[in-house]
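Asks: got a structure for you, letters missing:
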């Protein structure tokens, strides 16, 4: 029996998004990036923006996002994606422009670019993957690392006297007049994935409608950096990350 | 709207030339002595006429990365700054060179190091022609000596940048930026259409059309064999630029026994020094490099057989002199004369230095 005999169109309930290619992903097992990539691919296709979308990939684990989604990409210097996206959107107002950034990229080295792009109300989407650690470089402390959480550069746990406090940058961005949607989502359960997709769709619609900057934060896991099994990492995220970074809309202008 | 022939500052000429040349976007941050570029563009409001985007960025880092983004979509984009600000831009400049993106950068130099002074200087020669940012790369570097050249080099800089898919830089100084001269502005030309951009820049990230593979603009390549290939491709391009794009100007060189080498506003002062020397019966010529990279190596190497000595005259402690010495390879004596920290030499000081360091040495 051939595959297409088994999966008849009327029986098809799920398929890989057409924009995702066959390249094997470099992400670790249990990593949230793969699911978030899939959601982006689905949203772009759902909205018919395949030929209009330009993605800006960061420095960090998602630097190779361009290897997995068959859209046009620009690879940014560390933290500079919002500046790059600002110019691309202003010079090409009919395009759909989004950045994909981690916590170090967005909330440490790129804080100024992030805040000013959002404050100008650039009509872009900022996708912010917050796993509270630098994954690519081997698990160092991030601006969003929780108090007491151990990393390679705070091996005895984040000490606020030494390292300052974890940065709730989305709360900060929600205060800015230029942002129209600031929402915190996660992708550890099917229900969470469905909800996240709804908000991501809204963010992309906002950008094309010229409503201002939309920020979709994904509270995520890094099982390698956290040194936990994927299953344990999800549980740890729910018990420790969610109380400090509560899910939901921080701002959702109609 | 200004008439075609007008009196203006070099900085203003750059702004007007950019609008007229069909530039798509300018991104900058205020810094003395070049803020008139952003001010003039904002006052002209070209977004209402040509559709040119003008944006005051939150920093030099943001501005150069806006240029990186715009260039990645095939747009004609530029930024300008002065020395401390250009230091901040070096990260982005390296990425632009590594991703082979065409763009125009303007540095209206002031004295350094550090915050230095707002007075004119030429102390960023090394930064401009030897690297500045990380990695093996080159910038096409144009050195204007007049307000007219400030206007003209906007177009020339973009033409060369797009021809070679490489960033170009106008290395001006505070004198050329601030002084007013008569200038003939270039005629208006329209910005390129979507179709023209795609035809000129098939590599640009403009949204993937169904009939092609994704375009990815990046300087990243983790496979060292491929990264070496990329570097070899850059180097081959640089050799081609060195072969084809050297530009310089000669002033009374044919019978010269001594040669002054100077760029930008220093060359204007040296021109007077040459005239004064000739009134005294000393046969002096001036060679003015217009492209600082590629450097006019061949012509200097030829003059090494004609003249008794060369004086590299720069508003710095001796930077271009290294390239002059490499060009003549020990065949003739080469000395340096300069003033530092924003002090500008007079023609008499140049002539005295020539006598002291070469003629009577």
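Replies: Thanks, I have the structure now. Bear in mind that the values here come from a model prediction, so they are computed numbers and not experimental data. Residues are numbered from 1 along each chain as shown, chains lettered A, B, ... in the order given.
Asks: contacts and neighbour counts: CA atoms only from here.
Replies: Fine.
Asks: quick one: the helices in the stretch 51-200 of chain B?
Replies: B:60-72, B:83-98, B:125-130, B:147-164, B:174-178, B:194-200 (DSSP state H, counting those that start in this stretch).
Asks: need those in a markdown table with mean pLDDT, distance to chain A and mean neighbour count, can you?
Replies: Output for the helices of the stretch 51-200 of chain B, formatted as a markdown table (pLDDT from 0 to 100; distance: least, C-alpha to the nearest C-alpha, whole Å; neighbours: other C-alpha atoms under 10 Å in any protein chain shown):
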| stretch | mean pLDDT | distance to chain A | mean neighbour count |
| --- | --- | --- | --- |
| helix B:60-72 | 98 | 4 | 31 |
| helix B:83-98 | 98 | 7 | 23 |
| helix B:125-130 | 98 | 20 | 18 |
| helix B:147-164 | 98 | 17 | 22 |
| helix B:174-178 | 97 | 26 | 25 |
| helix B:194-200 | 97 | 10 | 13 |
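Asks: what number of residues lie near the residue nearest to residue A:50 when sequence neighbours are not counted?
Replies: Nearest non-adjacent residue to residue A:50, counting by C-alpha to C-alpha, 6 or more residues apart in numbering or on different chains: residue A:44, 5.9 Å away. For residue A:44, the count of nearby residues is 21 (other C-alpha atoms under 10 Å in any protein chain shown).
Asks: Residue A:254 now?
Replies: Neighbours around residue A:254, by other C-alpha under 10 Å: 7.
Asks: looking at this, it is in a strand?
Replies: No. Counting by DSSP: H, G, I helix; E, B strand; the rest coil, residue A:254 is not found in a strand; it is coil.
Asks: Can you give me every residue that contacts it?
Replies: Counting by C-alpha atoms under 8 Å, 6 or more residues apart in numbering or on different chains, residue A:254 makes contact with nothing.
Asks: interface residues of the stretch 251-361 of chain B facing chain A?
Replies: On the criterion C-alpha under 8 Å from any C-alpha of the partner chain, chain A has no neighbours in the stretch 251-361 of chain B.
Asks: Report the closest residue of the stretch 251-361 of chain B relative to chain A.
Replies: Residue of the stretch 251-361 of chain B nearest chain A, by C-alpha to the nearest C-alpha: residue B:293 (25.7 Å).
Asks: Identify the residues contacting that residue.
Replies: Residues near residue B:293 by C-alpha under 8 Å, 6+ apart: B:129, B:138-142, B:242, B:246.
Asks: which residue packs closest to residue B:237, ignoring adjacent ones?
Replies: Nearest non-adjacent residue to residue B:237, counting by C-alpha to C-alpha, 6+ apart: residue B:164, 7.2 Å away.
Asks: follow-up on the earlier one: among the contacts of residue B:293, which are in strands?
Replies: Residues of the contacts of residue B:293 located in strands (DSSP state E): B:140-142.
Asks: Reformat those as TSV; add distance to chain A.
Replies: TSV is the format used below for the ones in strands among the contacts of residue B:293 (distance: C-alpha to the nearest C-alpha, whole Å):
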residue	distance to chain A
B:140	22
B:141	23
B:142	25
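Asks: Counting neighbours, which of those end up buried?
Replies: For the ones in strands among the contacts of residue B:293, a burial check counting by 16 or more other C-alpha atoms under 10 Å in any protein chain shown picks out B:140-142.
Asks: Can you tell me which of the residues you listed lies closest to residue B:6?
Replies: The nearest member of those to residue B:6, counting by C-alpha to C-alpha, is residue B:142 at 22.9 Å.
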